[in-house]
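Colleague: Sequence first, then the predicted structure:
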Amino acid sequence: MTTNTALKVSSFTVFIMILPWVLNLSSATAYYVDVMIFVAIHSIIGCGLSLLLGYAGQISLGQAAFYGIGAYTSGILTVRMDVNPWFAMAAGIFVASAIATAIGIPTLRLRGHYLAMATLGFGMIVFIVFNEYIALTGGPSGFGNIPPLSLMGHPIESSFSFYYLSWLAAIIVLTASLNIVNSRPGRALRSIHDSDKASASLGINVAMAKVKIFVVSGAFGALAGSLYAHYLTFVNPPAFDVFFSLKVLMIVVIGGIGSVWGAVFGAALLNFLPEWLVFLHDFDVLAYGIILLLVVMFSPQGIYGLLAGAAGYFFKFIRKESDHD
Amino acid sequence: MTDQILEVKNLTKRFKGLVAVDRLSFSLETGIIKSLIGPNGAGKTTLINMITGFLSPTAGEIIFRNRLQKHNQAHRIAASGIARTFQTIELFKNMTTLENIMVGCHLRSAKEIISSAFRLPGVKKEEEKIRDLAWHHLKSVNLEKYAGQKAGNLPLGEQKMLEMARAMASNPSLILLDEPVAGLNEAESQRAMEMILSIRGQGVTVILVEHDMKVVMQISDEVLVINYGRWLAEGSPRDIQKDPNVIDAYLGGEAIGACH
């Protein structure tokens, strides 16, 4: 990690650590802590898709399936088999990675949008399984009583403690993603995005590189899903439908495709915007749509691109001012 | 017997009725520059694509370093020590000049996703090694001043040099250059020629596809002429210029005269 990236990550970590204390100062903003938990969870799944879409140039419309696999594996193992929640979380990540490998190997060899089609279908199949395999998943009504994660005998149940757990996971995922981008495998992915012919001529196994990052995106999705299940202690199918896959795609695109940071900004906007638009009552969906449209139209680099541009301009301005002194 | 790095035997490529390369055989001595010439559509790029694994032959054999090439994927061929450049420049446009060469070092490094993600021991050291190697190759083509710039923004001449430097960064024993001076001005093509000679100087064998006869005749040790995918003539530049078959079929008396 470059010093610049390390500085950004550590300042962001400090901001995240202080935030709940600030939000708790007023009862009007206290519930924002809960919203922030979803920002963390969505950042994790968004980082995975950001690596796949922004760096390998492959679209997945089935991230909700990995999210669901993580959530259901956690739920089923802990509730029905009394497995330790941490172990169940690891199992969910493992299952999602294995499934991602099985889907990725045949589809990522093909060029074009086959992965989009395949993942769309995959997401629907998984959704149907959640609904229909009632003996295991509880069917449309799902099941509850999923135990919380615990640390040294203390269950992590309150919003306050889960906030820190989810953001710890999110920051680890963000750091890992930034590390991948700025090292050998990440450069290989970015090179494939520009010219897969040249990448192959330099010894890069193009198909395998795509499969590997797809597996990473699946693993991140499952981690997010498992956190979700242990936080809500309840799972049912609608949380894992194709619309959630589209939401993850929006998080990445609106946040900014060029950087994994975009996933964090996208997750924040898509979670807070509905809260801020509540005053519009029935028109909130309309306003939501218009705002997202405006972002895409006027900042193709997403919110991250917009902020990075503004920050660059600001620092330039400050430097100019200080030159005058 | 001289040391042969590459042997091509009866190589054939058929595209739906069109025979692009037709029972072509030749061998390549280690450490020389061999030019491949022929009119447009003679099958030069098809031949390069087969040797580098981008196309699989319909029939025939390619033997590289005494080993029969199984016609599998391009990345495996690259790993066996064959590098190439492309007729239409294939740089990683959105990556910096330095990063382009760092990708060129892919085969000389090994760290994978998980160790990179968590910066496990050894990653930092390998990253430094890659960076040092990349700087070394960048300096060899005098592109240091462009190190942090996006490769897509470089002038054409520099892009061609960068592509060669990137291919060299993979530490090949054979390099195939597909029209490295096409579109360059006099000064730029002079630099490219010096680069090609310095590649040979480092002990790397070169196959050069080029239309610029002045360049071909000046720097080649051997020339292979193909026409309609078939072997037409082979020999030193001097012999090729005198060869009546070549003059008839391809160059024409005037073009040969211009080279003297």
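Modeller: Perfect, thanks for sending it. Numbering: from 1, shown residues only, chains lettered A, B, ... in the order given.

Colleague: okay, CA-based contacts and neighbour counts for the rest of this
Modeller: Fine.

Colleague: In chain A, what helix or strand scores lowest on average pLDDT?
Modeller: helix A:302-324 (a mean of 73; mean pLDDT, DSSP states H and E).

Colleague: Can you tell me, leaving aside adjacent residues, what's nearest to residue B:119?
Modeller: In space, and not counting its chain neighbours, residue B:119 is closest to residue A:179: 7.3 Å by CA to CA, 6 or more residues apart in numbering or on different chains.

Colleague: neighbours around the one you found, how many?
Modeller: Other residues near residue A:179 come to 23 when the count uses other CA atoms under 10 Å in any protein chain shown.

Colleague: Below-threshold pLDDT in the stretch 201-325 of chain A: ranges please.
Modeller: Within the stretch 201-325 of chain A, the stretches with pLDDT under 70 are A:318-325.

Colleague: need the residues of it near chain B, please.
Modeller: The stretch 201-325 of chain A comes close to chain B at residues A:201, A:202, A:203, A:204, A:205, A:212, as judged by CA under 8 Å from any CA of the partner chain.

Colleague: Just those residues: which are in helices?
Modeller: Cross-referencing these against helices under DSSP state H gives A:201, A:212.

Colleague: Most neighbours among the residues of the stretch 201-325 of chain A next to chain B, please name it.
Modeller: residue A:202 leads those on contacts (other CA under 10 Å) with 33 neighbours.

Colleague: which residues touch that one?
Modeller: Contact partners of residue A:202, counting by CA atoms under 8 Å, 6 or more residues apart in numbering or on different chains, are B:75, B:78, B:79, B:83, B:103, B:104, B:105, B:106, B:107, B:167, B:170.

Colleague: what's the closest non-adjacent residue to the second one?
Modeller: Taking CA to CA, 6+ apart, and ignoring the residues beside it in sequence, residue B:78 has residue A:203 as its nearest neighbour in space, at 4.9 Å.

Colleague: Hmm, residue B:74 and that neighbour touching each other?
Modeller: Yes. Using CA atoms under 8 Å, residue A:203 is in contact with residue B:74, at 7.3 Å.

Colleague: Could you pull out the helices in chain A for me?
Modeller: A:3-23, A:32-50, A:63-81, A:85-108, A:114-132, A:134-137, A:159-181, A:184-194, A:196-201, A:206-232, A:242-255, A:261-276, A:284-298, A:302-324.

Colleague: State the mean pLDDT of the second one.
Modeller: Taken as a whole, helix A:32-50 carries a mean pLDDT of 94.

Colleague: what's the angle from that helix to helix A:261-276?
Modeller: Angle of helix A:32-50 versus helix A:261-276, following axes from the mean of the first three to the mean of the last three CA atoms, to 10 degrees, is 140 degrees.

Colleague: Please name every helix or strand in contact with helix A:32-50.
Modeller: If contacts are counted by 3 or more CA pairs under 8 Å, 6 or more residues apart in numbering or on different chains; DSSP states H and E, helix A:32-50 sits against helix A:3-23, helix A:63-81, helix A:159-181, helix A:206-232, helix A:242-255, helix A:261-276.

Colleague: Now it: buried residues?
Modeller: Using 16 or more other CA atoms under 10 Å in any protein chain shown as the test for burial, helix A:32-50 gives A:32-33, A:35-50.

Colleague: What of the shortest one?
Modeller: Neighbour counts using 16+ other CA under 10 Å place residue A:137 of helix A:134-137 among the buried residues.

Colleague: Look at residue A:62 and say how many residues are nearby.
Modeller: Other residues within reach of residue A:62, judged by other CA under 10 Å, total 31.

Colleague: Report the contact partners of it.
Modeller: Contacts for residue A:62 (CA under 8 Å, 6+ apart) come out as A:116, A:119, A:120, A:121, A:122, A:123, A:124, A:242, A:245.

Colleague: how about the helices in chain B?
Modeller: Using DSSP H, helices in chain B cover B:44-51, B:74-79, B:97-104, B:113-117, B:123-140, B:156-168, B:186-201, B:213-219, B:237-242, B:244-246, B:252-259.
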